[in-house]
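Participant: Got a predicted structure here, sequence first:
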Amino acid sequence: MSAAPDDPGQGPGHTFVDPAEGRFRRAFLNELVAPRPIGWISTLDGAGRANLAPFSHFNVASSAPPIVMFSCNTPEDREQKDTLANVLETGEFVVNMASFGQKEAMIESSAPLPAGTDEFAAAGLTKLASRKVAAPRVAGAPAHMECRLWHVLHIKATTEVESDSHVVFGKVVGIHMRADLIDAQGRFKTVEAMPVARLGGIQYLSTTDIFELPPKFKRRS
């Protein structure tokens, strides 16, 4: 997989991988785009059955309007992941912060269980009622964001070895934060909440070495 010596733009010791060639692994992107925050998504299906699953392809898309997003690939055993199917059916979901103290339960909720199975029960988690959506929250999580479906972007496969993905955008309509994790200025104490992030493979991390880099230039308004 070594880069050719005369490959333009390649520094010494670099390896070049062309996604169109067989040497490309899907895992490369997960290993390079890291750490990634985990959105622990809870939903209900049309029959009121709860579902819970972690997604590391998750982030903020906009702060005003408040929009978050997560991406679902297409599983091998069904047309859509249960989370996506539930969101499309009900138009709602909750993002629960996955923290270090609940890491084992978070992993338990990622098991490929049959459709309709309650991952809350399977992982030994308690449900909390939400205020503005029907989907439940995870008890013990440091924070929760209640969301309503904003938009779904369908990313279609371009080759036979690829699979379709769907990017779900949700508008945050309510936020719950543990009171002891809010400082005197009203800011959330992210470090103390110890959110879990995903690296490559089975590697995860939580908040450890924190440093600040003050901006050197004034931001444009």
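Facilitator: Done, it's in.
Participant: Pull out the buried positions in the lengthiest helix in the chain.
Facilitator: Ranked by residue count, the top helix of the chain under DSSP state H comes out as helix 82-90. By neighbour count with 16 or more other CB atoms under 10 Å, helix 82-90 contains the buried residues Asp82, Thr83, Leu84, Ala85, Asn86, Val87, Thr90. For the C-beta atoms, the positions are set from N, CA and C on the backbone; glycine is no exception.
Participant: and if you look at stretch 185-195?
Facilitator: Neighbour-count burial for stretch 185-195 flags Phe188, Ala193, Met194, Pro195 (criterion: 16+ other CB under 10 Å).
Participant: From the residues you listed, pick the one nearest Glu212.
Facilitator: Phe188 (16.3 Å; CB to CB).
Participant: Contacts only, for that closest one.
Facilitator: Phe188 sits next to Ala143, Met177, Leu181, Ile182 when contact means CB atoms under 8 Å, 6 or more residues apart in numbering.
Participant: out of the residues you listed, who's nearest Glu160?
Facilitator: Ala143 (41.1 Å).
Participant: residues contacting Asn86?
Facilitator: Contacts here follow CB under 8 Å, 6+ apart; on that basis Asn86 touches Thr43, Leu44, Asp45, Asn51, Phe93.
Participant: Which single one of these is nearest to Ala64?
Facilitator: The closest of the contacts of Asn86, once distances to Ala64 are taken by CB to CB, is Phe93, at 20.3 Å.
Participant: Which helix or strand contains the closest one?
Facilitator: Element membership for Phe93, per DSSP states H and E: strand 92-97.
Participant: Against which helices or strands is the next helix or strand after that strand packed?
Facilitator: Sequence order places helix 103-108 as the next helix or strand after strand 92-97, per DSSP H and E. Where contact means 3 or more CB pairs under 8 Å, 6 or more residues apart in numbering; DSSP states H and E, helix 103-108 is not packed against any helix or strand.
Participant: residue ranges of the strands in this protein, please?
Facilitator: Under the criterion DSSP state E, strands of the chain are mapped to 36-37, 39-44, 50-55, 58-63, 66-73, 92-97, 127-128, 137-138, 143-155, 165-177, 197-198, 204-205.
Participant: Nearest to Thr117, out of those?
Facilitator: strand 50-55 (7.9 Å).
Participant: excluding its backbone neighbours, what's nearest Phe24?
Facilitator: Nearest residue to Phe24, sequence neighbours excluded (CB to CB, 6 or more residues apart in numbering): Val17, at 5.6 Å.
Participant: next one: Ile210
Facilitator: Once flanking residues are discounted, Ile210 sits nearest to Val191: 5.7 Å by CB to CB, 6+ apart.
Participant: Model confidence score at the one you found, please.
Facilitator: We note a pLDDT of 94 for Val191 in this prediction.
Participant: quick one: it and Ile38, what's the gap?
Facilitator: Using CB to CB, to the nearest Å, Val191 is found at 16 Å from Ile38.
Participant: likewise Gly48?
Facilitator: For Gly48 relative to Ile38 (CB to CB), the value is 26 Å.
Participant: ditto for Leu32
Facilitator: Going from Leu32 to Ile38 by CB to CB gives 17 Å.
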